[in-house]
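**Student:** need the 3D shape of this:
(chains A, B and C)
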Amino acid sequence: MKQGSSVALKVMAGAGFVFLYAPIIALIVYSFNESKLVTVWGGWSLKWYVELFRNEQIMSAAWVSLKIAFISATLASVLGTLAGFVLSRMRKFAGKAMLTGWVTAPLVMPEVITGLSLLLLFVSLENMFGWPAGRGVTTIVIAHTTFCLAYVAVVVQSRLASLDETLEEAAMDLGAKPISLFFLITLPLIAPAIISGWLLSFTLSLDDLVIASFVSGPGNSTLPMVIFSKVRLGVTPEVNALATLMIVTVSIAVIAAIVIMHRQNRFKDTNK
Amino acid sequence: MLSKLRLGRMAVILVPMLWLAAFFFIPFLVVFKISLAEAMIAVPPYSPLLQWDSSNAYLTFKVTFGNYLYLFESRFYLDAYLSSLKIAAISTFFALLIGFPIAYLIARSRPTMRTILLALVILPFWTSFLLRVYAWMALLKKNGLVNDFLLATGIIDQPIQILQTDFAVYLGIVYTYLPFMILPLYTTLEKMDLNLLDAAQDLGAKPYQSFFLVTLPLAKPGIIAGCLLVFIPAVGEYVIPALLGGSDTLMIGRVLWDEFFLNRDWPLASAVAVVMLIVLVGPIMFMRNSNKEAE
Amino acid sequence: MSAFPNTSTVQTQSVPTWRQKDAKPFVQIEQITKQFGQFTAVNSVSLDIYRNELFCLLGGSGSGKSTLLRMLAGFEEPTSGRILIDGVDMTGIPPWERPVNMMFQSYALFPHLSVEANVAFGLKREGLKSAEVNKRVAEILGMVQLGHLAKRKPHMLSGGQRQRVALARSLVKRPKLLLLDEPLGALDKKLREETQFELMRLQDELGITFIVVTHDQEEAMTLATRIGVMNNGDIVQTAEPHEVYEYPQNRFVAEFIGNVNLFDGTVMDEERDSTTIRSSDIDGLLKVDHGISGAPNQNVSVAIRPEKIRISREPIDLAVNATTGVISDVAYMGSQSIFKVRLNSGKEIRITQPNVSREMGNRLTWEDRVFLSWGADSCVVLVA
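**Tutor:** Numbers count the residues shown, from 1 in each chain, chains lettered A, B, ... in the order given. Reported below is the predicted structural model:
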């Protein structure tokens, strides 16, 4: 009975994993397809990778996106760490409930709403104060920082929650003032969370289509915007190549991160 | 000394607070404000609420609920909201159905296997959302792999239309949001004490009974969190209906997008957003409260 | 109120500070109250602790002992009242400026720093030169016999070693006052005993005042110069260890520390150095060799420790401090045996007897009728 149910479970879960990976694998395989007709197999080729790097529109959009992702992730890490710290370490203050709401809501807020509301804010601000003058990299960075901040805050907050608070008390007891306490004890201990928050922000920013479409100006297309305008008209082999490159890069990074964390955990467990 | 401390504390609180107030909270007020304006051909394309007429020293304050009335009078918007909720709810249900066995299997695996399986779930979550939706386009096309497969196995003898149907939208939502369902489910299932199942069986419960009477109730927080994490963003989804759905696939996120980008009716788009937000406030608050309980 | 006798028997050559009338306390806790919302964790506690004491705060969980310790360290601000250390009012002084160090129950060793760096952490905050820091770190690590592990990270140490690092780290700044939160809680029994003596040796050597929080009465008994027993946010008795055991001031202390038999009764006759009490529990009279302050006819409890009751099959002819009953339970514990005896009144009492003889044949056993007696000097009258 028990055996049977576990086989059924494995089959169900296995089907789930096939569902998760089949499209990605198909995409990768077809990126090496010689034929221009994406669905007809014409033999192995790296042709579309060459085309991809020759496509200036994609390359320049990629550069814009990388720049935005880097700045947004960095800003979001700083602000998100502060927010996570405030939420888990500061005792009750006026507005704490509000801050909690502002930090959790962006995680599930439909992107069309976030995008529209930020655009309308920027337009109103420009009308009233003349800033920001037009829309472009700056407005995208502000928008991305805002929604990535929430992710960083949540990651940092959960790390702080699992962190033994007596470590911080011990540091105070040994004479560390709040600032040195933060930099010498708290920050090194939550660094892994901040790093993963940064990486998450970076990928989220690199991937965002909807919000960027609202708040970007003419001539400031990000990579997802260019991809979207291409694939709307149908499947294109260059995008397959691009997708493969991005997926492979991210996969290597994620796998490396998981292997490192797994080792560290094992290390910790044996010494408990 | 203490006042310096208090100042520092206040600065630490204020920096993220002000940022979020300025770029998360106030924008909603702006959306609300503009939803009360009228569309017009101008830059920006809406009428001001307050107008100062200097020659007569008149301050006019003009608010219109016309946009909202229009939303409720026209079948189209109501249908779009309902259809979004329906698509999101059905997709959430299927994500739960597919996600639960995966989460359960991961939670019951040996540590090394668990790490590998968990990595397999997290990996798609880190890869581009847009590209994962795009991947399905190639599969679902008339001459795509899915049709090829169905033809080859003889299930169908004519290629069928899968892309640009509601079915493709369900598929896309379940697929892209599946990790959001699995992760919270896994977290609660992993915490569960396995002795409870032994205890239930020892007390005479058959495996399916102990599943429904012990496992499922204990997994409730994870189920709720996972469902909300899928449902809420799915309601406002734009990319998936735009790429996978047909022209008749009604989703409110897409309506908002078109209202804004194609019709350039900013006030109406704002009203659509405000109503969507009101619809979603319930689930969002619910999620916050269940988060608080979990803490 | 208290039934507190003269305790001249324990006097040694030098009189401990806390018994000298004009001694100046080192730590003065003045009517400290701490409330968390509606909950009162510490309720108007006043306490004086003297230089070189090893003072134990003893109590169950939720008794307020840890909150009191945290207020001394400065992690919690009292709701009202104040604390003076060496005459200086600590109100509003943050933890990093207090002349106090704490050893945490969890040890709170910084996981990302080596043993050496953990110990040096506090010294560096004082801005000492690195040569001085190194010298003092080496010195204290030598003292706790950890010099050879200086480069290790905390997770590479055993529980006992971690405990010694934590101790070294809190001592290296030479605080005037060391606070220890359940210092031995996480160690196994053998290591505990070793460490207890180690702590006492260090305290003796360094001349630092220790305040130890513990829930373990044996630990408190062994370590402490004095014990403050806490319950529900109050200190219910402050006294030397043997006094806490032999002369508990109230029912809570009597029952919390060790085992005790309590007989309820009414005061019949009260003189300066003796009290007679009628108790229906023993169906007879109790005579106690000290007076109590209070009205005659008041209801009191009389406490007698299990080991102070004589038990025998031979009838005893005594008018007071004797009764009879039937053995209802026996537990053989090796060095001693525990008997439960049901008295005629239905009350069950507990008696322990050392197992002097190896012979099993003539042992007292189930259903034996036994006669019990005790001395007037073994009883304590509890009013509260």
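**Student:** immediately after the helix of greatest length in chain C, which helix or strand?
**Tutor:** Assignment by DSSP state H gives helix C:189-206 as the longest helix of chain C. Per DSSP states H and E, the first helix or strand lying C-terminal to helix C:189-206 is strand C:209-214.
**Student:** could you export the helix or strand following that following strand as CSV, CA atoms only?
**Tutor:** Scanning forward in sequence from strand C:209-214 by DSSP H and E, the next helix or strand is helix C:217-223. Coordinates of each C-alpha in helix C:217-223 appear next as CSV, following Å, rounded to 0.1, in the frame of the first residue of the first chain:
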residue,chain,number,x,y,z
GLN,C,217,18.8,24.6,42.6
GLU,C,218,21.8,22.3,42.9
GLU,C,219,23.9,24.7,40.8
ALA,C,220,22.8,27.6,42.9
MET,C,221,23.5,25.7,46.1
THR,C,222,27.0,24.8,45.0
LEU,C,223,28.1,28.1,43.5
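**Student:** run the chain-centre distance for helix C:217-223.
**Tutor:** Chain-centre distance of helix C:217-223: 6 Å, with CA atoms, centre = their mean, to the nearest Å.
**Student:** repeat for stretch A:121-132
**Tutor:** That offset, for stretch A:121-132, works out to 28 Å (CA atoms, centre = their mean).
**Student:** what's in contact with that stretch?
**Tutor:** Contact with stretch A:121-132 is made by A:133, A:134, A:135, A:138, A:139, A:215, B:23, B:26, B:27, B:30, B:44, as judged by CB atoms under 8 Å, 6 or more residues apart in numbering or on different chains. Where you see a C-beta, it was placed from the backbone N, CA and C, and this is true even at glycine.
**Student:** out of those, which comes closest to residue B:61?
**Tutor:** Checking those against residue B:61 by CB to CB gives residue B:30 as the nearest, at 16.8 Å.
**Student:** would you map the helices across the stretch 1-150 of chain B?
**Tutor:** Taking DSSP state H, counting those that start in this stretch, the helices of the stretch 1-150 of chain B run over residues B:2-20, B:26-35, B:66-73, B:75-107, B:111-126, B:129-140, B:145-152.
**Student:** again, but for the stretch 51-200 of chain A
**Tutor:** Counting by DSSP H, counting those that start in this stretch, one finds helices in the stretch 51-200 of chain A at the ranges A:56-89, A:96-108, A:111-129, A:137-162, A:165-173, A:178-181, A:187-207.
**Student:** quick one: low-confidence residue ranges for the stretch 101-250 of chain B.
**Tutor:** Residues of the stretch 101-250 of chain B meeting the criterion pLDDT under 70: none.
**Student:** ok and the residue in it nearest chain A?
**Tutor:** residue B:236 (2.2 Å; CB to the nearest CB).
**Student:** grab the nearest non-local neighbour of that residue.
**Tutor:** Closest residue to residue B:236 apart from its sequence neighbours, by CB to CB, 6 or more residues apart in numbering or on different chains: residue A:110 at 2.2 Å.
**Student:** could you do residue B:50 as well?
**Tutor:** Using CB to CB, 6+ apart, the nearest residue to residue B:50 is residue B:61, at 5.6 Å.
**Student:** where does pLDDT dip in the chain?
**Tutor:** The chain I'm using is chain A. A:1-5, A:37-39, A:264-272.
**Student:** actually, chain C is the one I wanted.
**Tutor:** Ranges of chain C meeting pLDDT under 70: C:1-13, C:186, C:294-295, C:360-361.
**Student:** so which residues on it come close to chain A?
**Tutor:** Applying CB under 8 Å from any CB of the partner chain, we find that chain C lies next to chain A at C:73-75, C:94-98, C:100-102, C:104-106, C:108, C:110-112, C:121-122, C:125-126, C:155-156, C:169-170, C:173.
**Student:** which of the contacts of stretch A:121-132 tops the neighbour count?
**Tutor:** residue A:215 (26 neighbours; other CB atoms under 10 Å in any protein chain shown).
**Student:** OK, contacts around that residue?
**Tutor:** By CB under 8 Å, 6+ apart, residue A:215 lies in contact with A:115, A:118, A:119, A:122, A:135, A:139, A:140, A:142, A:143.
**Student:** next: residue C:93.
**Tutor:** By CB under 8 Å, 6+ apart, the neighbours of residue C:93 are residue C:74.
**Student:** so it versus residue A:99, what's the distance?
**Tutor:** 30 Å (CB to CB, to the nearest Å).
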